[in-house]
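S.K.: here is a sequence together with a model predicted from it:
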2 protein chains.
Amino acid sequence: MEPKPTKIEDVARAAGVSIMSVSRAMRGVEGVSEATRDRITGIAAQMGYVPNRLAGSLAQATSSLVCISVPTLFDAVFAEIVAGMRETLLHAGLETIIETSDYDPDREASWVERMITWSPAALVLSGVDHTEDVRERLRSAEITVMELWDVTESPIDLCVGLDHRDAGLQMGQHLIDQGYRNPAYIGITKGRDPRAEKRMQGVADAFGKNGMDLNVIRTEAAPSFEAGYDGVMRALALPSRPDVFYFLNDHLAVGGLMACDTAGLEVPGEMGIAGFNGLNINNVLPRRLTTSITPRALMGKTAARMLVAALRGVRTEHKITMPVTIDPGATTGPKLTGSKPSAQL
Amino acid sequence: MEPKPTKIEDVARAAGVSIMSVSRAMRGVEGVSEATRDRITGIAAQMGYVPNRLAGSLAQATSSLVCISVPTLFDAVFAEIVAGMRETLLHAGLETIIETSDYDPDREASWVERMITWSPAALVLSGVDHTEDVRERLRSAEITVMELWDVTESPIDLCVGLDHRDAGLQMGQHLIDQGYRNPAYIGITKGRDPRAEKRMQGVADAFGKNGMDLNVIRTEAAPSFEAGYDGVMRALALPSRPDVFYFLNDHLAVGGLMACDTAGLEVPGEMGIAGFNGLNINNVLPRRLTTSITPRALMGKTAARMLVAALRGVRTEHKITMPVTIDPGATTGPKLTGSKPSAQL
DNA sequence: TGTGTTTTTGTTATCGATAACAATCGTAAC
DNA sequence: GTTACGATTGTTATCGATAACAAAAACACA
């Protein structure tokens, strides 16, 4: 009663050819005439034959798997990057496996360990900060590695990302230009998100050059709306109240914006707010967030193309730094001190 | 120079045993004494041996892969369900592959086709509405199938989800109780999200029982903040303005809330707003959204446990309907007609 | 001490494909 | 009508593991 799946041998027998001809026909490689190819693929389709990729990959000693590790899928940022990659990869006949490391390097490490057992064609990691174990493994395994989202002077292999410190520097300067003088950064536990730390450093440096300090407020939560909300609540209790908040990302910024609203603080009049990413929630906020727009889909697509090229032996550049642009928005700006309308929403 | 990965044979030679002993030792199955097992695993670790899963799965005719298809990862809803599953599955030694179908049944179908080639242990699909091709394939392949997020009388195999129509019915009654009489549904193109259609139907039925009609407004966009915003803008142009909006989900509801705010409509005084899911953005909104709370993480965990049990041959229930509870929030309620404060945010 | 039983270890066949090489076919050139 | 070369097809070895069965060793009990 069990409907044993048809294998290549069955198709070969049915078509009256050798299994190699079927193999060649199915993969679309050279070595069969157009006529027999068409005949074989026709019969295969009719028989409902699906090649066993496990066997194929084993024989080829490499699979068509691309394993991607991102910190989280709880916000759309990495989902967009991944979506950008997938389309291109799928088009190139590559399957993707996604992992969420939850910003935990050890978890990334154990994942790399596991993935290697599948002989993937490539591994994609988020960021450039990895444990020594991971670097070691990747060095010894002959797997193409792509580091995404951040850039470094010494990539393991390929690298497509942003210069986060520079993005911070840029935003810092923007905030200074807007007249802010007492900035605070609101983020999460130190070390959890290395990219955010770099951005913070950039902002700190920008203000530092002008002799101003950056207050740092950290919540222990994951990067979320709530973390931003809580951060603001905590920040407002500081002895000298900041005049602008630079948030870890737009999620925290939105939470922070809501917190300011709840606290009755006028934005940007009494408090400036800046985020990072340019999420699409920005398109519906009554007041657009000041933020840095990151080219997420494009980054994914770029990375995927570079990866596919590399897998085909066409090695072009090894490292691309994508541009980040500032969306001035409406949550920073001249400090008005007019009448304060009460909150609605 | 190439550091050929060590294989089972190398370990066997180094340990002075047969490869079967190594195989048994590595997998933790019966058939080796404790002493030799420890010795073998020690040597293997020392040699940096990682078993080739392709070979293993091929020999076993089944892999430890669980393939999961969700409509989207752009909002956190499915990400949370998936996260709930992953932990349990990983614990059971199962690897997960995630696909986003973008609400496209054909895309789901081609994905199923591709996944089968990897001999997965199980397939997880979102919803219970699939193309006939998919049903056909899954019937013939001997793969455990889990349908998630929705429920049906006749699941393919296993099923863990919500009764969406009932959730709609529940919310509809709630809105009626709050005094609303002219409801409108704001969603996306018909047929794209079958679950949303069921919820809408539930609301329509609830109002219908009381002799009231449900206006239906559809934007063509994907389910997003913008879709809710645009939907409201369009709804406000209707001849008879609705007094309450039931949105496809919280994302649209948040967008709609912002639109009402921008349009200067008092919520809930002049307009009620209800969503679906209970996203955590609700924790920071100055006015909590009226919504249905869905147990997403729990659903994922429950599904994963059921799946693991089924894979081990322990078949308990086949179908579980998870409860949905209403969060009354503050965007629906007595229609106040007090002074209208101007918008801040 | 010998025989039966259980545990441990090893041997052989197999999983379903692909690579590398060998054989065959067709046809163009001489 | 051969010779020769490129295009097509087939054969054999291999990929790295596991299942099923066989052999050897350890243990038990009369």
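M.R.: Arrived safely, thanks for sending. Residues are numbered from 1 along each chain as shown, chains lettered A, B, ... in the order given.

S.K.: what secondary structure does the closest residue to residue A:316 other than its chain neighbours sit in?
M.R.: What sits nearest to residue A:316 in space, not counting adjacent residues and going by CB to CB, 6 or more residues apart in numbering or on different chains, is residue A:309, at 6.0 Å. To be clear about C-beta, it is placed using only N, CA and C from the backbone, and glycine gets the same treatment. Taking DSSP: H, G, I helix; E, B strand; the rest coil as the rule, one finds residue A:309 in the helix state.

S.K.: ok, now residue A:66?
M.R.: Classified using three-state DSSP, residue A:66 is strand.

S.K.: doesn't residue A:120 make contact with it?
M.R.: Yes - Residue A:66 lies in contact with residue A:120 (CB atoms under 8 Å); the separation is 6.3 Å.

S.K.: higher neighbour count, those two?
M.R.: It is residue A:66, of residue A:66 and residue A:120, that has more neighbours when counted by other CB atoms under 10 Å in any protein chain shown, with 27 against 24.

S.K.: contact partners for that one?
M.R.: By CB atoms under 8 Å, 6 or more residues apart in numbering or on different chains, the residues touching residue A:66 are A:85, A:89, A:94, A:95, A:96, A:97, A:120, A:121, A:122, A:123, A:124, A:307.

S.K.: what residues are shared contacts of residue A:66 and residue A:120?
M.R.: Residues touching both residue A:66 and residue A:120 comprise residue A:97, with contact defined as CB under 8 Å, 6+ apart.

S.K.: residue A:88: how many residues sit nearby?
M.R.: Here the number of neighbours of residue A:88 (other CB under 10 Å) works out to 18.

S.K.: what's the burial count for residue A:91?
M.R.: Neighbours of residue A:91 under the rule other CB under 10 Å: 11.

S.K.: residue A:143 now?
M.R.: Around residue A:143 there are 20 other residues, counting by other CB under 10 Å.

S.K.: any chance you could map the helices in chain A?
M.R.: With DSSP state H, the ranges of helices along chain A come out as A:8-15, A:19-27, A:34-47, A:53-60, A:76-91, A:105-116, A:132-140, A:164-177, A:194-209, A:225-235, A:250-263, A:296-311.

S.K.: what residues of the third one count as buried?
M.R.: Within helix A:34-47, the residues that count as buried by 16 or more other CB atoms under 10 Å in any protein chain shown are A:36, A:37, A:39, A:40, A:41, A:43, A:44.

S.K.: swap in the second one?
M.R.: By neighbour count, with 16+ other CB under 10 Å as the criterion, the buried positions of helix A:19-27 are A:21, A:22, A:23, A:24, A:25, A:26.

S.K.: ok, the fifth one next?
M.R.: Using 16+ other CB under 10 Å as the burial criterion, the residues of helix A:76-91 that qualify are A:76-86, A:88-90.

S.K.: of all pairs in those, which one is the farthest apart?
M.R.: The largest separation in the buried residues of helix A:76-91, counting by CB to CB, is between A:77 and A:90 at 20.8 Å.

S.K.: not counting sequence-adjacent ones, nearest residue to residue A:129?
M.R.: Excluding the flanking residues, the one nearest residue A:129 by CB to CB, 6+ apart is residue A:194, at 4.6 Å.

S.K.: for the stretch 51-200 of chain A, which residues are neighbours of DNA strand D?
M.R.: A:55, A:58, A:59, A:61 (CB under 7 Å from any atom of the strand).

S.K.: for chain B, state which of the contacts of residue A:66 is nearest.
M.R.: Nearest to chain B out of the contacts of residue A:66 is residue A:97 (CB to the nearest CB; 5.1 Å).

S.K.: and the closest one, what does it touch?
M.R.: A:65, A:66, A:67, A:68, A:115, A:118, A:120, B:95, B:96, B:97, B:98.

S.K.: mind doing that once more with 10 Å?
M.R.: A:65-69, A:111, A:115, A:118, A:120, A:123-124, B:65, B:67, B:95-98 (CB atoms under 10 Å, 6 or more residues apart in numbering or on different chains).

S.K.: where does it land on pLDDT?
M.R.: Listed pLDDT for residue A:97 reads 92.

S.K.: run through the bridge partners of it.
M.R.: Taking DSSP bridges as the rule, residue A:97 bridges to residue A:67.

S.K.: so where's the stretch 51-200 of chain A uncertain?
M.R.: Within the stretch 51-200 of chain A, no stretch has pLDDT under 70.

S.K.: return the residues in contact with the residue in it that DNA strand D sits nearest to.
M.R.: As assessed by CB to the nearest atom of the strand, DNA strand D sits closest to residue A:59 within the stretch 51-200 of chain A, at 3.7 Å. Going by CB under 10 Å, 6+ apart, residue A:59 touches A:23, B:54, B:58.

S.K.: and with 7 Å instead?
M.R.: Counting by CB atoms under 7 Å, 6 or more residues apart in numbering or on different chains, residue A:59 makes contact with nothing.

S.K.: could you say which of the helices of chain A is packed most deeply?
M.R.: Ranked by mean neighbour count, these are led by helix A:250-263 with a mean of 27 (mean count of other CB atoms under 10 Å in any protein chain shown).

S.K.: list the contacts of it.
M.R.: A:75, A:186, A:223-229, A:231-233, A:236, A:245, A:247, A:267, A:271, A:273-279, A:281, A:289, A:291, A:331, A:343, A:345, B:284-286, B:344-345.

S.K.: nearest the geometric middle of chain A, what residue?
M.R.: Against the mean C-alpha coordinate of chain A, by CA atoms, centre = their mean, the closest residue is residue A:78 at 3.7 Å.

S.K.: interface residues of chain A facing DNA strand C?
M.R.: Counting by CB under 7 Å from any atom of the strand, the residues of chain A lying close to DNA strand C are A:5, A:7-9, A:19-20, A:23, A:26-27, A:29, A:51-52, A:55-56, A:58-60.

S.K.: 6 Å instead, please
M.R.: Listed as neighbours of DNA strand C in chain A under the rule CB under 6 Å from any atom of the strand: A:7-8, A:19-20, A:23, A:27, A:51-52, A:55-56, A:58-60.
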